[in-house]
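Undergrad: I'll drop the sequence and a predicted model, then ask my questions.
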Amino acid sequence: MGRPVRHAGGDRPLNLRLATPGDIPVLPDIERSAGQAFRGGEQDWIADDQVTPAEAYPALVAAERVWVGEVDGAVRGFVQIEVLDHDLHIWELAVALDWQKRGLGRTLMAQALDIGRRRGCAAATLTTFRNIAWNAPFYRGLGFEILEAPSARLAAILASEAGRGLTDRCAMASKL
């Protein structure tokens, strides 16, 4: 089920695999840790914002929508995906703060994009902050482009995010 890979900046093997019910308790902790990267910036409040509760994950795990990156037997990051309108939508990429900038996020994204290709998706989509270095600029480096005229589905996601206080967001897509 998992596959060991080497990742940029890491000398230890990373195991990419579908999340299991046993992983659920750590997923909110990883999201909370990842949010600490916002400290000191314009979106500082995100570091203290609520994360996806553990109770939301059983259905996502059962539907095989969460993949984890495991190093030294511990989950250090995850990506949550869903096929929507023939596209792979990336709902969330979260890497524990102390594991950021080691290539784990890129490796999880490569896994997600590979899953999209194998499932016959035409493109991958996501929403993110437009001007935060580890958001839109990071995804641009992976081949995503900002959509100045997002689809109705992506516009609805952006509107929902704005309603929760997430501003300066954009929709992005990459052909698969």
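TA: Looks like it came in fine.

Undergrad: can you list the helices and strands that the helix or strand hosting Ala94 packs against?
TA: Ala94 is part of strand 87-95 when elements are defined by DSSP states H and E. Contact here means 3 or more C-beta pairs under 8 Å, 6 or more residues apart in numbering; DSSP states H and E; on that basis strand 87-95 packs against helix 27-35, strand 74-84, helix 104-118, strand 123-129. Where you see a C-beta, it was placed from the backbone N, CA and C, and this is true even at glycine.

Undergrad: so can I have a markdown table of those showing mean neighbour count?
TA: Shown next, in a markdown table, are the helices and strands packed on strand 87-95 (neighbours: other C-beta atoms under 10 Å):
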| stretch | mean neighbour count |
| --- | --- |
| helix 27-35 | 20 |
| strand 74-84 | 20 |
| helix 104-118 | 19 |
| strand 123-129 | 22 |
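
Undergrad: export those as JSON lines, with columns for distance to Arg12 and mean pLDDT.
TA: Output for the helices and strands packed on strand 87-95, formatted as JSON lines (distance: least, C-beta to C-beta, whole Å; pLDDT from 0 to 100):
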{"stretch": "helix 27-35", "distance to Arg12": "18", "mean pLDDT": "93"}
{"stretch": "strand 74-84", "distance to Arg12": "10", "mean pLDDT": "97"}
{"stretch": "helix 104-118", "distance to Arg12": "11", "mean pLDDT": "96"}
{"stretch": "strand 123-129", "distance to Arg12": "27", "mean pLDDT": "96"}
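
Undergrad: so which of the ones you listed comes closest to Leu142?
TA: Proximity to Leu142, assessed across those by C-beta to C-beta, is greatest for helix 104-118 (5.6 Å).

Undergrad: neighbouring contacts of the closest one?
TA: 5, 7-8, 10, 14, 16, 67, 69, 71, 76-79, 81, 83, 87-88, 90, 93, 95, 123-124, 134, 138-139, 142, 174, 176 (C-beta atoms under 8 Å, 6 or more residues apart in numbering).

Undergrad: which among those residues count as buried?
TA: The neighbour count (16 or more other C-beta atoms under 10 Å) marks 7, 10, 14, 16, 67, 69, 71, 76-79, 81, 87-88, 90, 93, 95, 123-124, 134, 138-139, 174, 176 as buried among these.
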